[in-house]
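Asker: With the sequence up front, the predicted model follows.
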Amino acid sequence: MAIEQRIEIEGVNCFTGRHAGRTYWLVPTGIGPKAAASAASAVLNRHRAALAISAGFAGALMPAAAVGDVIVATRVLSGRFDKAWSQAGAPIVCDETVLRAVQAAAIEIGMAVWNGAVVSLPTVVCRAVEKQSLSRLTGAVALDMESAAIGQVAQSQGVPFAVVRTVSDVAGEDLPLDFNAFLKPWGWMRGIGAMIMTPSSLNGLNRLRRQSRLAAARLTVLCAACAVNGFGLSPISHVGRA
């Protein structure tokens, strides 16, 4: 949909557009739980919302899930993973109405869709063997870094919450670099150094770029289809509620 406004809230750039009588906000949060929590808090503390969606890429934990497949969470598990899984707090339950609406839209446009628990971590899980271990320990279908933080803010504001993501890397695939290096102080310099030291990683990065483009294109098509019926929400009853 066309961008109608660009709004800055506490340093967070937000973009708004309208479709079928509803106003939609696109809020780029940045990478990781701290950035996601900060952006979600800034926006949801200032503006009423009918729904908050954590949208973006996910790493598949199910062997059958392919690049571009749709992930719709039933619940989000927050925690840490370092060979062992340590869960933090109770699962965040996702809105069932939105889940059903997104599933129906995905099937109608011919996309494979997986639903179940999504694990949300503060670190990147880079190796296939680690993904497989995490899958066994949690029973989750996918993982990301932001959904738990966004869900916790939405829950605190009484806003229904959903996770709609597409697969950018599969369960049996190693990532080409340890992306956790980029999350640390001076991380970009260290990451570039790692690329220079391992030129073969460039092939893997190019593969991940292609996969991410496919996942982004699929997510765009899916969200456009879901916006037709307002992601399954009831008819608008409050002016200005986005």
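Answerer: Yes, it's here.
Asker: Show me the shaky parts of the protein.
Answerer: 180, 182-200, 234-242 (pLDDT under 70).
Asker: for it, what's the longest strand?
Answerer: strand 70-82 (DSSP state E).
Asker: Could you list the buried residues of it?
Answerer: 70-74, 76-79, 81 (16 or more other C-beta atoms under 10 Å). C-betas here are computed from N, CA, C, even on glycine.
Asker: List the beta-bridge partners for the nearest residue to residue 144 once chain neighbours are set aside.
Answerer: Using C-beta to C-beta, 6 or more residues apart in numbering and skipping residues adjacent in sequence, the residue nearest residue 144 is residue 58, 4.9 Å away. Beta-bridge partners recorded for residue 58 (DSSP bridges): residue 167.
Asker: Would you check that residue 58 makes contact with residue 142?
Answerer: Yes - under the criterion of C-beta atoms under 8 Å, residue 58 makes contact with residue 142 at 4.1 Å.
Asker: Show me the common contact partners of the two, please.
Answerer: Common neighbours of residue 58 and residue 142 (criterion: C-beta atoms under 8 Å, 6 or more residues apart in numbering): 71, 118, 165, 167.
Asker: how close does residue 167 get to residue 9?
Answerer: Per C-beta to C-beta, to the nearest Å, residue 167 is found 30 Å from residue 9.
Asker: Mind checking which of the two has more residues around it?
Answerer: residue 167 (28 against 16; other C-beta atoms under 10 Å).
Asker: For this structure, which segments count as helices?
Answerer: Secondary structure of the chain (DSSP state H): helices at 33-44, 96-108, 128-138, 147-156, 187-197, 201-227.
Asker: Which positions within the first one qualify as buried?
Answerer: Put plainly, it is helix 33-44. For helix 33-44, burial by neighbour count (16+ other C-beta under 10 Å) applies to 33, 35-44.
Asker: Just give me how far it sits from the chain centre.
Answerer: 14 Å (C-alpha atoms, centre = their mean, to the nearest Å).
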